[in-house]
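>>> have a look; sequence and predicted model below, questions after that.
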Amino acid sequence: MNAAIQVFRKEIIDALRDRKTLLIIALSSLLSVPAMLLVFSKVISDYETRDEQRVILVSGIEAAPQLRNSLERQTYTLREAPADYAQQLREGRLSNPVLAIPADFSTKLAQGEAPVVEIVFDHNNRDARLGVGKLHKLVDGYVSEQAFLLQALRGVAPAGLQTVIVDERDLASIKTGGDFQFTAMLPFLIIIAALSGSIAAAIDTTAGERERGSLESLLMNPVARASLVLGKWGAVACTGMLPVIGSVISCLAARWLIQNETLQSLFQFGILEGILFLFLLVPFAAELAALLMALAVRCKTLKEAQASCSVVIIALSLMPIATVFSPTGDPKWTLWVPGLGQQTLMNHVLKGESLTTVDVLIPVLVSLTLTAVCLIYVARYLKEVAACVLRAAFDGGEADDGVAVYAPEALGVERGFEFFQGAADQPLLVGRHHQGVFVGGLEKIHAVHRHHDDAAVRRGLYSL
Amino acid sequence: MIEVHGVSKRFVQGRGKKARQVQAVTEANFSAADGVITGLLGPNGAGKTTLVRMIAGLIPPDRGRIEVGGMDVAAQPVAARTCMGVLSDARGLYPRLTAEENIVYYGKLHGMSAHDARVRAGELARLLEMEELLGRRTEGFSQGERMKTALARILLHDPSNIILDEPTNGLDVVATRGLRGLLRKLRTEGKCILLSTHIMQEVERLCDTVLVMSRGSIVARGTVPQLLAQTASADFEDAFVDLAFPPNQEVTSTAHGIKP
């Protein structure tokens, strides 16, 4: 156990000295949540301000004084739309739809014909599109008001006009907050933070050690492999947990930073939610660390390991899509999927829905099981690593000191051609070439291969 | 004391149809005594590194038994490693740690206290003339500096069996001489030193007894004068080529009109 602690300490120091990586992790985890909230609070504020302004853009309203009167009675301000409103809407410079009244509005109305009123908007102009429904309702209100008055004049009871009463009842709990699905982004951001924290350390402690050649020396110490793996995993898991804890803290802090009241009511994130998040995420960070290590330990180089680990990044990024098409929200099986289960539950927490103990324990148990499986795999694989290094050396092309000495194919010689180096002051090469053996200095070897690929020979010989 | 009894190791190279077996070490038998520098000499791919890694307990032999300090490496790998110091051919330092941290880390893994490890690291640094290196991060170290650090790291726990794989690779003349001096000093302290190399000068100048390896087998053994006498050569280089590549294979290379 002492050895595991020593390994852990060393790996933590090593990871903390990787300042650049650390800085990126810290900034991304601490700033992403507040940045996201800031953007959303701006969007919601804009929307609300527009709602509060109660402004309607109209064109040719002078033709419809009755309609103007009706709208103004509801405390709306009517503003004449610019002449080129169609152009402006298309270019997104106008953020309200325009109510276009035909010149013959009053005449047609008087004649008992229905005049056509247009609500002009561009489907691609999101802001204008959002105002269409409201405008439609207002005009509809005017239309039914007119119909009501006409019928009343003829002595028809108002109740006869409204045979059916339609009322909306929203079943979502208070926190869900209408159309603003922004809170769904938050768990995803935190999951990615956990990943970004552990990925560098996971690769460095496994494939990095192999690439540097330090793993072999490390394995020659009187330390059980289990201690090595536990120490390394502990360090990687900690670096993964740092951004997670950072994100949760920044969520708590962000509560105080949000100015917008609507958003504040939508984003109910208190101490209790924070603790629940950590309860889900700490085992997840541990699992992620073990999984990334298991992937990276198979790789001989950092580059290879990064490619392997990017599979996890893609998988975690695509996971939320799995539930988008589910009509009933999040199906139960999502809880069993690493990463997805945590996201699902965090979303439930953010929506203020109640969680059962079983719901919470499923992802935690999955995390712990997968951690154990991956760690056993890493420990087993370490045994094979030494042999793997050796096999690579046998594939030729590398001298014992790791310098590329020769490229048999490029030289047109068979594998098995071998030569080696004398002392630094007296270069000597001994080689078996085809069936022959020759001994000689650099010049002689150079002469042998003069009419072959010169660059390859030079690369080989000059590295000696 | 290192004893190797009938050790063999075979690797499978490639996969599927291309797979072929490589006999890395065949029936190796030898013992390296305390207070003696034993040289393991052979060309690249002769199986030296495989043999060293089997002695260090990194890979298990297919057949045979290895004892270090009286302990069976296969049966008690962790205990056997406590009395071993192995300088691997890849020096494998941690670039973000200082030389001292690199050295002390291994001491701690050997169960030393941080204080003891630091004191001993200081002593070794004086011996290896690398005191000014201790506080520096190993990133950007020269080959010689890396070797010194790696050497101090494996000597920290004062092992009685020292195994060095290509220790002079990439070293300049001064550093090589320094290393030789250190190894001779360790020999007088009664350490068992096994030196794997392909550089004949090292063997000639340092080793009390030599094992010549070629294609996985130990093809000759003895002191340098004995090997010279065996091949009736005056030059150790010639003797080595005779031993490593026996004359029946030594056909003149006519492919390019060059005679050896």
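Now that the structure is in, tell me what you want to look at.

>>> which helices and strands does the helix or strand where B:Glu123 lies pack with?
Per DSSP states H and E, B:Glu123 falls inside helix B:114-127. For helix B:114-127, the packing partners by 3 or more Cβ pairs under 8 Å, 6 or more residues apart in numbering or on different chains; DSSP states H and E come out as helix B:99-109, helix B:143-155. All C-beta spots, glycine's among them, are computed from the backbone N, C-alpha and C.

>>> so which of the ones you listed comes closest to chain A?
Nearest to chain A among the helices and strands packed on helix B:114-127 is helix B:99-109; the distance by Cβ to the nearest Cβ comes to 4.3 Å.

>>> can you tell if the closest one touches chain A?
Yes: using Cβ under 8 Å from any Cβ of the partner chain, helix B:99-109 reaches chain A at B:101, B:105-106, B:108-109.

>>> so B:Ala19 makes contact with B:Val12?
Yes: counting by Cβ atoms under 8 Å, B:Ala19 does reach B:Val12; the two are 5.4 Å apart.

>>> give me the domain ranges for the chain.
This is for chain A. A:2-40+A:176-394, A:54-167, A:408-462 (automatic domain parsing).

>>> sorry, should have said chain B
B:1-83+B:160-167+B:187-260, B:91-158.

>>> of those domains, give the one that comes closest to A:Val39.
domain B:91-158 (36.6 Å; Cβ to Cβ).

>>> the closest one: how far from the chain's middle?
Offset of domain B:91-158 from its chain centre (Cα atoms, centre = their mean, to the nearest Å): 19 Å.

>>> pLDDT on it, on average?
Across domain B:91-158, pLDDT averages out at 93.

>>> what's the answer for stretch A:370-387, then?
85.

>>> now what about that stretch, what contacts it?
Identification of contacts with stretch A:370-387 by Cβ atoms under 8 Å, 6 or more residues apart in numbering or on different chains yields A:206, A:210, A:215-216, A:219, A:225-226, A:228-230, A:233, A:283, A:286-287, A:289-291, A:293-294, A:297-298, A:338, B:11, B:53, B:58-59.

>>> tell me which residues of the helix or strand hosting A:Gln66 come out buried.
For A:Gln66, the host element (DSSP H and E) is helix A:65-73. Using 16 or more other Cβ atoms under 10 Å in any protein chain shown as the test for burial, helix A:65-73 gives A:67-68, A:70-71.

>>> between these, which sits nearest chain B?
A:Leu71 (69.8 Å).

>>> wait, isn't the closest one in contact with A:Leu138?
Yes: if you go by Cβ under 8 Å, A:Leu71 and A:Leu138 touch, sitting 6.3 Å apart.

>>> and for those two, which residues touch both?
A:Ile56.

>>> A:Val143 should be in a helix, yeah?
Yes: A:Val143 forms part of a helix when assessed by DSSP: H, G, I helix; E, B strand; the rest coil.

>>> and the residue of chain B closest to chain A?
Relative to chain A, the nearest point of chain B is B:Ala90 (2.5 Å; Cβ to the nearest Cβ).

>>> which SS state does that residue fall under?
When classified by three-state DSSP, B:Ala90 comes out as coil.

>>> ok, and what's touching stretch A:288-301?
Everything outside stretch A:288-301 that qualifies as a contact, by Cβ under 8 Å, 6+ apart, is A:194-195, A:198-199, A:201-203, A:205-207, A:210-211, A:229, A:232-233, A:236-237, A:239-240, A:305, A:307-309, A:311-312, A:338, A:370-372, A:374-375, A:377-378, A:381-382, A:385, A:388, A:392.

>>> mean confidence for it?
92.

>>> quick one on the thing from earlier: not counting its neighbours along the chain, what's nearest the residue of chain B closest to chain A?
A:Gly213 (2.5 Å; Cβ to Cβ, 6 or more residues apart in numbering or on different chains).

>>> now do the helices in the stretch 1-150 of chain A.
A:2-17, A:19-53, A:65-73, A:85-90, A:105-110, A:126-153 (DSSP state H, counting those that start in this stretch).

>>> next, the buried residues of the last one.
By neighbour count on 16+ other Cβ under 10 Å, the buried set for helix A:126-153 is A:127-128, A:130-131, A:135, A:138-139, A:142.

>>> out of the residues you listed, which is nearest to chain B?
A:Asp127 (50.9 Å).

>>> show me the contacts for the residue nearest to the closest one when sequence neighbours are not counted.
Distances taken as Cβ to Cβ, 6+ apart place A:Ser95 nearest to A:Asp127, at 3.8 Å, with adjacent residues excluded. Going by Cβ under 8 Å, 6+ apart, A:Ser95 touches A:50, A:125, A:127-128, A:131.

>>> pull the most distant pair out of those.
Farthest-apart pair in the contacts of A:Ser95 is A:Arg50 and A:Asn125; separation 13.4 Å (Cβ to Cβ).

>>> of the two, who's got more company?
Taking neighbours as other Cβ atoms under 10 Å in any protein chain shown, A:Arg50 and A:Asn125 compare with A:Asn125 leading, 20 against 16.

>>> which stretch among the helices of the stretch 1-150 of chain A comes nearest A:Leu189?
helix A:19-53 (5.2 Å).

>>> could you pull up the mean pLDDT of that closest one?
In the prediction, helix A:19-53 has an average pLDDT of 80.

>>> what does stretch B:246-253 give?
48.

>>> so where's chain A shaky on pLDDT?
Along chain A, segments meeting pLDDT under 70 span A:160-161, A:170-182, A:259, A:323-330, A:386-464.
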